[in-house]
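K.L.:
would you be able to build a 3D model of this:
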Amino acid sequence: MFMLMFKIYEPIDRAALSLILLLSLAIGLLVIAGNRSLLKVRDFSWKNQQVGARDTAFILTFSRPMDRGSVEANLRIEPALPGKISWSGRRLVYTLTAPPQYDRTYKIELQKAREKLGFDKQGSAIEPFVSQFRTPDRAFVYTGTAAAEKGRLILYNLTRKQKIILTPQNLVVKHFRIYPTGDRILFSASEWSNYKPGLFEQSLYTVTTGRNPNSTQKPGTIRQILGNQDYENLKFDLSPDGKAIAVQRANRNNPQDIGLWVLRSDVESTPQQLLSRPAGEFTIAPDSATLANPQAEGIAILSLTPNVKPLDFIPSFRRVFSFSPDGKESAMLKYNSDFTQSIFLVTNQGLQKELINTAGEFIACQFDPSNPQLYCLLTRRKPGQEFSEKLTLESVDLKTFQVKPLLVLPNQVETKMSLSPDGLELLFDRVVAKKTEPVKGDLRTDGGSAIEQSSLMLFSLKKTPKSNGYSSPQPLPLQGFRPQWLP
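P.N.:
Below you'll find the model as predicted:
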């Protein structure tokens, strides 16, 4: 019967029917035999890539469903890189619980893992997988104080012991912030001829660092972002995602017109006003959408979108020193009625916990990106009738709230502190001020003192094996101040 039906078809129909039968037979055999494609890692998202502190997870994609327990038991990363494993189908997601160490090459290896089969069957073993990724060199940026480098931004590669001057000699840099990928720096600067007390002639610029390995752009390429023709540019901050700049500006023709503006740095745009009154030490939050603005009665949380009412208000505090990387916690400064100062841990769940109190003052605080602790630089009063203070570095364990002194520093002027992106080292500057009033050509601190000289120090936060303590700060062969690590 089938042969009779087959004969009545046209030749092209018979050919199509034959092909359908052959394909059906092949599919049936494949189903019976199972999927025999090579069991392997099909893709590794960090393969031969350079990753930094902002990279928080990698993905392994497998060719077939895997026995997850065998994968997790046999995955190796050298040097060790703490993290948590989660799954989505054939994809393994490894989320870091601490940033990778910089100046390292990491090797990832997987062997003996097996595919997922029935309870009574032993799956085939995976093809051995070996790959690697690397982290950036240890590098930072500072403002030079030596003769030919005075007032210029300088990049120092600590790994290679290499110095690169980024800005020209005619500009004196006031402040700077580094973009999240480390490929550019946002800075305010004026011509040396306009660098005078009480004169605010700073414009905002960007300069390239050459950090991006996928870019051919050389370091030192400068672009003006915001001029100062109609408004004086005072303070500024850069959002963590690098897409927004908050600037405090004053109208040159109307001294009462001073406020906070936002400038979108990812597009060509004009500044938009956020706040029509003076702002204190404002800070953009890790979400890059909100800003903490100190006011007389506390901290206002503002949207970076113009014409939006304040989102929240936290009374009694005077400044936000630092946010935790995830933005859930902040270190806030409070002035007490007994003329002391305190740092509080303030969380987005409403917790307000006093951490440190001093009769002196707090200079800086930063959250450790790899451990639940906070580093603070502060002054403490020495006992005695004469007024005397010592500058100390202290850490706070955010689980036990134990405070531990780490270091006493020499008396210095306006010391700046910067914690490395992997949480392993701290940079300090050591500024010596002139005893005379500033004159033309002097480089000045934020407080207006003329700088006689300034050097940089590196402090390792890794304990030495013998003493189980910390080694002394290491002086660096660099003359400068305001150091900041590249991310």
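K.L.:
in the stretch 1-150 of the chain, which spans are helices?
P.N.:
Secondary structure of the stretch 1-150 of the chain (DSSP state H, counting those that start in this stretch): helices located at 2-8, 11-33, 68-74.
K.L.:
could you list the low-pLDDT ranges of the stretch 351-487 of the chain?
P.N.:
384-387, 464-468 (pLDDT under 70).
K.L.:
just the strands in it please.
P.N.:
Using DSSP state E, counting those that start in this stretch, the strands found in the stretch 351-487 of the chain span residues 352-358, 362-367, 373-381, 389-397, 403-409, 417-419, 425-433, 451-460, 474-485.
K.L.:
any chance of those strands in JSON lines, plus mean neighbour count?
P.N.:
Backbone N, C-alpha and C define where each C-beta goes, glycine included. Converted to JSON lines, the strands of the stretch 351-487 of the chain look like this (neighbours: other C-beta atoms under 10 Å):
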{"stretch": "strand 352-358", "mean neighbour count": "16"}
{"stretch": "strand 362-367", "mean neighbour count": "20"}
{"stretch": "strand 373-381", "mean neighbour count": "20"}
{"stretch": "strand 389-397", "mean neighbour count": "18"}
{"stretch": "strand 403-409", "mean neighbour count": "14"}
{"stretch": "strand 417-419", "mean neighbour count": "20"}
{"stretch": "strand 425-433", "mean neighbour count": "21"}
{"stretch": "strand 451-460", "mean neighbour count": "19"}
{"stretch": "strand 474-485", "mean neighbour count": "19"}
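K.L.:
where does this protein have its least confident helix or strand?
P.N.:
helix 2-8 (a mean of 49; mean pLDDT, DSSP states H and E).
K.L.:
what sits against residue 185?
P.N.:
Residue 185 is in contact with 141, 153, 166, 176, 177, 178, 179, 206, 207, 209, counting by C-beta atoms under 8 Å, 6 or more residues apart in numbering.
K.L.:
do I have it right that the second one meets residue 164?
P.N.:
No: counting by C-beta atoms under 8 Å, residue 153 stays clear of residue 164, with 9.5 Å between them.
K.L.:
count the residues that sit near the residue nearest to residue 181 when sequence neighbours are not counted.
P.N.:
Spatially, and ignoring its direct neighbours in sequence, residue 181 is nearest to residue 212 (6.4 Å; C-beta to C-beta, 6 or more residues apart in numbering). For residue 212, the tally of surrounding residues (other C-beta atoms under 10 Å) stands at 15.
K.L.:
for the spatially closest residue to residue 399 that is not a sequence neighbour, what are its contacts?
P.N.:
Leaving aside its sequence neighbours, residue 399 sits nearest to residue 372 (C-beta to C-beta, 6+ apart; 5.6 Å). Listed by C-beta under 8 Å, 6+ apart, the contact set of residue 372 reads 397, 398, 399.
K.L.:
residue 50 now?
P.N.:
Counted by C-beta under 8 Å, 6+ apart, residue 50 has contacts 133, 134, 135, 136, 213.
K.L.:
that one and residue 406, how far apart?
P.N.:
According to C-beta to C-beta, to the nearest Å, residue 50 and residue 406 sit 31 Å apart.
K.L.:
got the contacts of residue 372 as a markdown table, with distance to residue 378 columns?
P.N.:
Formatted as a markdown table, these follow (distance: C-beta to C-beta, whole Å):
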| residue | distance to residue 378 |
| --- | --- |
| 397 | 17 |
| 398 | 17 |
| 399 | 21 |
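K.L.:
among those residues, which one sits closest to residue 249?
P.N.:
Nearest to residue 249 out of the contacts of residue 372 is residue 398 (C-beta to C-beta; 36.6 Å).
K.L.:
wait, the closest one touches residue 351, no?
P.N.:
No: counting by C-beta under 8 Å, residue 398 does not reach residue 351; the two are 11.0 Å apart.
K.L.:
ok, those two, which is more surrounded?
P.N.:
A direct count of neighbours by other C-beta under 10 Å for residue 398 and residue 351 places residue 398 higher, at 19 against 10.
K.L.:
mind listing what that one touches?
P.N.:
Residues near residue 398 by C-beta under 8 Å, 6+ apart: 329, 345, 372, 373, 374.
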